[in-house]
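J.: Structure here, sequence nowhere to be found:
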C-alpha cells in the first residue's frame, strides 16, 4: 500500500503506547490492515444475534452497548474517544452476540478484524504484551461497572458514575445514563438536581 494512502493511526498508537511501546513494524502492520469509517448517530455496529468479527477504536464520538429485555433497552456500557470496543464473548467464542453496539453520536472509527489481530500477535510477539495489558484494563473497567450496578442507593450510583465517567456526565443523553445506572430518568434528574443544589451552597 502506498504510504500516502495509509490510514492515520496516530491517535490509536498514542493510546497503545501507554500500555507498551509500539514498534515501527507494528505501526506499519496496523496502517496496512486498519481502515477508517465515519458513521452517523443511531447506526448499529452490531445487532444482538449476529457474530462479531471486528474491533473498533473510537477516534471521535460516543458509543454504547445495550440489551433488550421486555421491549426495554438497557444500556450495559458507554464509551467515547480513545477506547476500543467489541463484543468480546462473540468475537472470542464465535457465538452470537447478546448485546447491540450503537453510535450515540456521529463517530469516526478505526476498524480491524479479529483475524488480523491474531496475525499481529503471531508476527510480532511483543504485541501480546499490549494485548494482555489492554485486557487487564478492560477487566478492571468491567469490575467497576459490576460494582456500580450493585449499589442500591441512586445517589451513590450517580456519585460513582461521576467519579469514573465525569467526561460523559454532561455529554451523554440522560436516558442512557439512567439506563446504565439502572434507575429511572426521573430519579436521575432528582439526584442531579440535589447534587447541583448542594454544590452551589
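T.: In hand now; what should we look at? Only a predicted model underlies this, so the values are computations on that prediction, with no experimental measurement involved.
J.: Let me know whether residue 31 touches residue 7 as I believe.
T.: Yes - here residue 31 reaches residue 7: they are 5.8 Å apart, a contact under CB atoms under 8 Å. Using the backbone N, CA and C atoms, a C-beta is placed for each residue, glycine as well.
J.: Overlap in contacts, those two.
T.: Counting by CB atoms under 8 Å, 6 or more residues apart in numbering, residue 31 and residue 7 have no common neighbour.
J.: Beyond the longest helix anywhere in the chain, next helix or strand please.
T.: Using DSSP state H to define each element, the chain has its longest helix at helix 127-150. Following helix 127-150 in sequence order, the next helix or strand is helix 154-169 (DSSP states H and E).
J.: what's the angle between that next one and helix 127-150?
T.: Direction vectors for helix 154-169 and helix 127-150, defined by axes from the mean of the first three to the mean of the last three CA atoms, to 10 degrees, enclose an angle of 140 degrees.
J.: mind listing the strands for the protein?
T.: In the chain, the strands defined using DSSP state E lie at 35-39, 44-46, 54-60, 63-69, 72-79, 84-85, 100-103, 107-113.
J.: tell me which residues of the last one are tucked away?
T.: Looking back up the chat, that one is strand 107-113. Residues 107, 109, 110, 111, 112 are the ones in strand 107-113 that count as buried (16 or more other CB atoms under 10 Å).
J.: Between which two of these is the distance greatest?
T.: 107 and 112 (15.7 Å; CB to CB).
J.: Tell me how many other residues surround the nearest residue to residue 121 once chain neighbours are set aside.
T.: Once flanking residues are discounted, residue 121 sits nearest to residue 128: 5.4 Å by CB to CB, 6 or more residues apart in numbering. Residues within reach of residue 128, counting by other CB atoms under 10 Å, total 13.
J.: now do residue 182
T.: Counted with other CB under 10 Å, residues neighbouring residue 182 total 16.
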